[in-house]
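K.L.:
With the input below, show me the fold.
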Amino acid sequence: MNNDIKQALSEGRIMLLLGAGSSFGSLTQTRKQVPLGEELAKILAEQAQLPYSGETLSRVYSACRPILGERIHTILDSYFRNCTPSKEYNTLSKFVFARIYTLNIDDAFEKALDRNSKQHLYIRSRNEKVSPPDQLFHKLDYIKLNGDVKKPNEGYIFSPQEYGAASAKPPLWYKELGSDFFNYKFLFIGSKLDEPLFYHQIERYRGATQSEEQRSYVITPSASPIDIASLKSSNIEHISATLSDFVSWLESEFPTPLTPVQTLKRSRPEYNVSADDDEEKYMRIFKEVVPINRACLQIMNERDSGNPIRNFFKGFKPTWKDIIDKVPAELENTRIIYE
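P.N.:
Residues are numbered from 1 along each chain as shown. Model prediction:
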């Protein structure tokens, strides 16, 4: 790990995206290891009485669903509901994050968050109404992008057909993920980021706003040179480690996890008030003060945020987003004056 991650975490600028590998160590309701990709594919193939030859989970799920019908929900429920969180999940859930996305359908991490987090937990489905991140860190959105075992009627995103449908009509929170990727520092844990929907939303947002992403990190035990080079093209750096390694690093760097209030004061220095100050008066003065950075732009409700043609080019005054994005504003007559 590095100081870049440490500083971003202490200032509340970290968002997580959890993949299947992050659930390693969590247990099912029968006290067995939560099945990951290949293990789940084997289970579904066996239940559908189909021979398994190493096919991917998405292909197996696509083949088994017509055979199993509604029974597939019962099977998934038995493995992914009422899970016991891993030791790593219980530790990770004690830290403050701006937001957490997950590709997993199980309930292990949300149980850990409900038990340990100092933030108020809000579990979001992928098509729920989107709300801005809580700038005071009181609330924590936990977004289940590919489905929730507790809400089978909303469906899952496993098969190629389901990925195709979601690409044609992107879920609301997938769109928000694309926006968040440019405004926050992401840690991807337990996922190799072989996620077409994720990259689709990144490129959609980049094309609409001409924004540049921040440096983010993916934490997996290993990655090929080609995978590492591919990740770098999206400004994502690979860290060879496991969730257990990351949690151990967190415990060494933050023996006592920061509270939401401590995180807020590091994120917004103007809230650091000594005991001798009139805190209420001080907070009132700065109530409408917004620090100008990408993470805070979402609470400023700027009219042209996300539009392909900036209102600035239509004659409107520049917004802070225009300034941060360095929208070219040089006029010919102004250049002549300087010359």
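
K.L.:
from here on, contacts and neighbour counts on C-alpha atoms
P.N.:
OK.

K.L.:
Domain map for this protein?
P.N.:
3-28+83-260, 37-80, 268-338 (automatic domain parsing).

K.L.:
Go through those domains and pick out the most buried.
P.N.:
domain 3-28+83-260 (a mean of 18; mean count of other C-alpha atoms under 10 Å).

K.L.:
Dump the domains of the chain into JSON lines; add mean pLDDT as well.
P.N.:
Below are the domains of the chain laid out as JSON lines (pLDDT from 0 to 100):
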{"stretch": "domain 3-28+83-260", "mean pLDDT": "86"}
{"stretch": "domain 37-80", "mean pLDDT": "90"}
{"stretch": "domain 268-338", "mean pLDDT": "64"}
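
K.L.:
Tell me where the protein has strands.
P.N.:
Taking DSSP state E as the test, the strands found in the chain are 14-18, 99-102, 120-125, 139-144, 185-189, 216-220, 236-240.

K.L.:
So which elements touch the first one?
P.N.:
Contacting strand 14-18 under the criterion 3 or more C-alpha pairs under 8 Å, 6 or more residues apart in numbering; DSSP states H and E are the following elements: strand 99-102, strand 185-189.

K.L.:
switch the cut-off to 10 Å
P.N.:
helix 3-10, strand 99-102, strand 139-144, helix 172-183, strand 185-189, strand 216-220 (3 or more C-alpha pairs under 10 Å, 6 or more residues apart in numbering; DSSP states H and E).

K.L.:
In a markdown table: the ones you listed, plus distance to residue 242.
P.N.:
Formatted as a markdown table, the helices and strands packed on strand 14-18 follow (distance: least, C-alpha to C-alpha, whole Å):
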| stretch | distance to residue 242 |
| --- | --- |
| helix 3-10 | 16 |
| strand 99-102 | 17 |
| strand 139-144 | 21 |
| helix 172-183 | 22 |
| strand 185-189 | 8 |
| strand 216-220 | 6 |
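
K.L.:
Between the ones you listed, which one is closest to residue 52.
P.N.:
strand 216-220 (26.2 Å; C-alpha to C-alpha).

K.L.:
Which residue ranges of the stretch 151-300 of the chain form helices?
P.N.:
160-168, 172-183, 196-209, 225-232, 243-253, 260-267, 279-285, 294-297 (DSSP state H, counting those that start in this stretch).

K.L.:
can you put the strands of the chain in CSV and add distance to residue 58?
P.N.:
Converted to CSV, the strands of the chain look like this (distance: least, C-alpha to C-alpha, whole Å):
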stretch, distance to residue 58
strand 14-18, 18
strand 99-102, 17
strand 120-125, 20
strand 139-144, 18
strand 185-189, 20
strand 216-220, 21
strand 236-240, 25
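
K.L.:
and of the ones you listed, who's closest to residue 114?
P.N.:
strand 120-125 (6.5 Å).

K.L.:
Output the closest one as CSV - backbone C-alpha positions only.
P.N.:
Output of strand 120-125 as CSV, limited to C-alpha atoms (Å, rounded to 0.1, in the frame of the first residue of the first chain):
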residue,chain,number,x,y,z
HIS,A,120,-25.6,4.9,9.0
LEU,A,121,-25.9,2.1,6.4
TYR,A,122,-28.2,2.5,3.3
ILE,A,123,-28.3,-0.5,1.0
ARG,A,124,-29.1,0.5,-2.6
SER,A,125,-30.2,-1.6,-5.5
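
K.L.:
can you state the direction angle for that strand and helix 172-183?
P.N.:
Orientation of strand 120-125 against helix 172-183 (axes from the mean of the first three to the mean of the last three C-alpha atoms, to 10 degrees) gives an angle of 120 degrees.

K.L.:
Mind giving me the packing neighbours of strand 120-125?
P.N.:
So strand 120-125, by 3+ C-alpha pairs under 10 Å, 6+ apart, packs with strand 99-102, helix 108-116, strand 139-144, helix 172-183.

K.L.:
relative orientation of the third one and strand 14-18 in degrees?
P.N.:
What separates the directions of strand 139-144 and strand 14-18 is an angle of 30 degrees, with the same axes, to 10 degrees.

K.L.:
other SSEs contacting strand 139-144?
P.N.:
Using 3+ C-alpha pairs under 10 Å, 6+ apart, strand 139-144 sits against strand 14-18, strand 99-102, helix 108-116, strand 120-125, helix 172-183.
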